[in-house]
Each structure stands twice: as C-alpha cells, then as structure tokens.
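Novice: sharing a sequence plus its predicted fold:
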Amino acid sequence: MSAPAPPDDAWLDAECRRLLDFGRRVAHPVGGAAWLDDDGAPDLSRPVHTWITARMVHVHALGALLGVDGCASIATATLDGLRTTLRDAEHDGWFGAVDADGQPVGTGKSCYDHAFVVLAASTATVAGLPGAEDLLAEATAVFEQRFWDEDLARVVDEWDRPWSEPVPYRGLNSTMHSVEAMLAAGDATGDTTWHRRAARLAGLVVDLAPAYDGRLPEHFGPDWSVDLDLNRDRPDDPFKPYGATVGHGLEWSRLLLHVESTLGDEAPPGLLDTSRLLFDRAVADGWHADGAPGFVYTTDWDGRPVVRQRMHWVTAEGIAAAGALHRRTGEETHARRYAEWWAYAAEHLLDRERGSWHHELDPANHPHASVWPGKPDLYHAVQATLLPRLPLAPGLARAVALSQRPSAPA
C-alpha cells in the first residue's frame, strides 16, 4: 500500500473555512461563547466558559484575518463577553465560567483561563477588533501581577476570587498555554519581554523531559515537587488526568520549536533536542498503542495506555507537531507522520455530515462522549489547518496577517 499523500494548501484552506462555518452560532445570549453541540448549535444548558470563549475569539479573529465573511463580527461579539460578562469587575481578572444569568460558576481564578484570555486578546489585537488592545493591556497586566513568578520563571496555577490565597497545585497544562500566550502577546505588542519569558518558562520542560524519558509529569506541589500519582483514581479527568498526556507531549514538541524560532540567536539550548524527544516518545507510547489506529489519551509512567479514548485534539497536535518538525529539520519521517495523521483524521475525525470534528472516539474509533460531549470549540482543529502553511515564527495571528498582505509589484 502506498503512503498517503499530505493535503495541499487548498484542501487545508477549505477545511479551515468549513470548521469556522460550523462555529457561526457560537455567540451566547448572556455574552461570550456557548458550548456547541454535535450540530454546532449553542448548548444553553451549559455555563459560558472563559477558556471556550477565548479560544473561539482566537479562531474567529484568525478567520477575520483570512478574510472569511462574518468572522470579524463573531469574534467581536464573543470578545465582548471577555470584556463584560466573564470579567470580575470587583476584583479584576476573569471567572472560569458564568451561568445563564451571568453569575459566576465557582470563584477560582485559573492561569489556564487567563492564558487563553491573553491569547484571544493578542489575536484580536492583530486583527484590529474593537476593544482588543484595551483587553490585551488589562489581561497582560493581570497575568504579570498574579500568575507570573519572575524569580522562579514559573506560573502560579490558581487563586481564589479576591487574589488573597493561591491554590497549592502547580500544573504543566497552564504552563504550556502560558508559553503560547506569551509568544502571542510579544507578537501583538512588540514587547519582546514576553518572548523571553516564554523561553524561560519552556526551560522547565527542557529539564523535565530527559529526566522522565520524554513522558512529562503534569502535576506538581506548590514547591514544584512532582506528583506522579495525582488523579490515579479518576484518570480521565479532562484537565488533570493521571499519568503522561500524549497530546501534551506533541503540543510541547511544537511549542518549543516556536520558542526557538521566535528567539533566534537568543534561544536557550536544548529546544530542538527536547522537541524530538517529546515527539518520539509520544509516538512510541501513544500511536497504535493498543492495536487500533489513533492516539490513546494517556499512559502510565512505563508507557502503558491508561485512557484509551481518542481525543481529536491529540491528533490535531500530532499533525501540527509533525509539520513543525519537518519544517525545522527537513526529515522525511516527520513528513510521513504528517500525511499519515491527516489521513487518519480524514477517515475517523472529520464529521462531514454534521460538521466540525468528532471531539472524542472510543478505542475502536467510534464517536464517544465520556470526556468531551458535543463539539465545544474549534481551537485545535483550526490551528491544525493553519500551522502547516505558516512559518514557525511569528505566531499564528501575525503570520496569517503577513500572509494576506498583497505582494509587492515586481
């Protein structure tokens, strides 16, 4: 059997636009972005989440930069939710979620949510959306004051609502999205301090990956001591699963290359080697790990599958990481993986009847909904259609903006 051919740019562009079209009904009546069901309709029984709102602002602002009709207005409408409904006007920062009456659902302030607000505001600023620059200024100020630990070059994971007491937990997921947000903020503002912070923060993974054979610990105590057993009793937690998360190894593999490309000669050593280590470990442990195609969600510390569901975002990040490594190294093995995983996505994940991608499959690659019911957002899938067509730096928003500029006359 011949190897699958990778999709060309025209196919990727069409898929990006198909995904964005699925998300046209995302604006929630109370403000922000609704959780979308399998058909792209707002599920108004669920809270309005800051992370979903921010991610949908991000992708529709990218759509606006691409010139996709309607995306600017959708991005502006959902952005308004970050400026009003989801913002804590009393104590600053952003709630994790609000209910249908606009009341907070829980009162913690998470680094994960705030990193996505920074990302959304950065992309919206590059897209020139109204209110975006002010939002970005506020979001970066809150992030710098509350979540960034300059001495440790680490991030605090969560605070209570009035910012009086940090939660003891520290996590690699919020760290990862903080790196992404810092790169985007530096691109949007021109303040390279954010790029340098991203590089310092990425140093944690450069140190961790070799110590754990490429399987990244996700959970830590307040002193950054590793906790390898957290949530062993509920391993499919959607945000803090037990064990090594295969998709995060792939996502970090790509992000380290963005850091390296952004910093250039100032990049710290070890980024490419760590990117390769993480990628190779994720593939060895996660891909076809139980005899069926697809990536398992998590493994234990010996690489044995724990949660065998196939999450769409893991394949999307595998596609993006393989494309980034091929761009960086020119190595054919990454081009083959890129084509193979797009073929898998086309066969199993793309929902051509109801739209978007199936967010979760069971171990036999049938649609499933134990962890992620519905199709809440478009972030990972849209980025998988864009990242392979763009350079490793600048980041997505700035790179898309530059790609749409008319060519200078010869």
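Specialist: Done, it's in.
Novice: my guess is residue 215 contacts residue 301. True?
Specialist: Yes - in this structure, residue 215 is within contact of residue 301 by CB atoms under 8 Å, at 6.2 Å. Backbone N, C-alpha and C define where each C-beta goes, glycine included.
Novice: which residues do those two both contact?
Specialist: Shared between the contact lists of residue 215 and residue 301 (criterion: CB atoms under 8 Å, 6 or more residues apart in numbering) are residues residue 244.
Novice: so between those two, which is more surrounded?
Specialist: More crowded of residue 215 and residue 301, by other CB atoms under 10 Å: residue 215, with 24 against 15.
Novice: okay, and the more buried one sits in which element?
Specialist: Using DSSP states H and E, no element contains residue 215; it sits outside every helix and strand.
Novice: who touches it in this structure?
Specialist: Contact analysis of residue 215 by CB under 8 Å, 6+ apart lists 244, 249, 281, 285, 299, 301, 303.
Novice: ok, and the most crowded of those residues?
Specialist: With neighbours set by other CB under 10 Å, the maximum within the contacts of residue 215 is found at residue 249, which has 29 neighbours.
Novice: list the contacts for it?
Specialist: Here residue 249 is in contact with 214-216, 278-279, 281-282, 286 (CB under 8 Å, 6+ apart).
Novice: repeat that for 7 Å
Specialist: Applying CB atoms under 7 Å, 6 or more residues apart in numbering to residue 249 gives the contacts 214, 216, 278, 281-282.
Novice: next: residue 160.
Specialist: Contacts here follow CB under 7 Å, 6+ apart; on that basis residue 160 touches 107-108.
Novice: could you check how far it is from residue 48?
Specialist: Counting by CB to CB, to the nearest Å, the gap between residue 160 and residue 48 amounts to 21 Å.
Novice: so where's the protein shaky on pLDDT?
Specialist: Applying pLDDT under 70 to the chain picks out residues 1-2, 407-410.
Novice: now the helices for it?
Specialist: Residue ranges of the helices in the chain, as given by DSSP state H, are 9-22, 50-65, 71-83, 111-126, 132-142, 172-189, 193-211, 246-263, 271-286, 312-329, 332-344, 379-386, 396-403.
Novice: ok, and for the last one, which residues are buried?
Specialist: Within helix 396-403, the residues that count as buried by 16 or more other CB atoms under 10 Å are 396-401.
Novice: what does the longest one give?
Specialist: Buried positions in helix 193-211, judged by neighbour count with 16+ other CB under 10 Å: 194-206, 208-209.
Novice: who's in contact with the residue nearest to residue 49 when sequence neighbours are not counted?
Specialist: The spatial neighbour of residue 49 that comes closest, neighbours along the chain excluded (CB to CB, 6 or more residues apart in numbering), is residue 97 at 4.6 Å. Listed by CB under 7 Å, 6+ apart, the contact partners of residue 97 are 47-50, 105-106.
Novice: who's in contact with stretch 122-132?
Specialist: Contacts made with stretch 122-132 from outside it, assessed by CB under 7 Å, 6+ apart, are listed as 57-58, 61-62, 64-65, 72, 75-76, 79, 83, 121, 133, 136, 184-185, 187-188, 397-398, 401.
Novice: try stretch 20-30
Specialist: When contacts are defined by CB under 7 Å, 6+ apart, stretch 20-30 is touched by residues 33-34, 36, 40-42, 48, 56, 59-60, 63, 68, 70-71, 74, 77-78, 81, 85, 98, 100, 102, 355-356, 378, 382.
Novice: which among the residues you listed end up buried?
Specialist: In terms of neighbour count (16+ other CB under 10 Å), the buried residues within the contacts of stretch 20-30 are 33-34, 36, 40, 42, 48, 56, 59-60, 63, 68, 71, 74, 77-78, 81, 85, 98, 102, 355-356, 378, 382.
Novice: count of neighbours near the residue nearest to residue 72 when sequence neighbours are not counted?
Specialist: Take residue 72 and drop its neighbours on the chain: the residue closest to it by CB to CB, 6+ apart is residue 64, 3.9 Å away. When counting by other CB under 10 Å, one arrives at 25 neighbours for residue 64.
Novice: picking that back up, residue 16: which of the contacts of residue 249 is nearest?
Specialist: residue 282 (24.4 Å; CB to CB).
Novice: so the closest one touches residue 250, yeah?
Specialist: Yes - taking contacts as CB atoms under 7 Å, residue 282 lies within contact range of residue 250: 4.9 Å.
Novice: would you turn the contacts of residue 249 into TSV with distance to residue 347?
Specialist: Converted to TSV, those look like this (distance: CB to CB, whole Å):
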residue	distance to residue 347
214	28
216	29
278	26
281	25
282	21
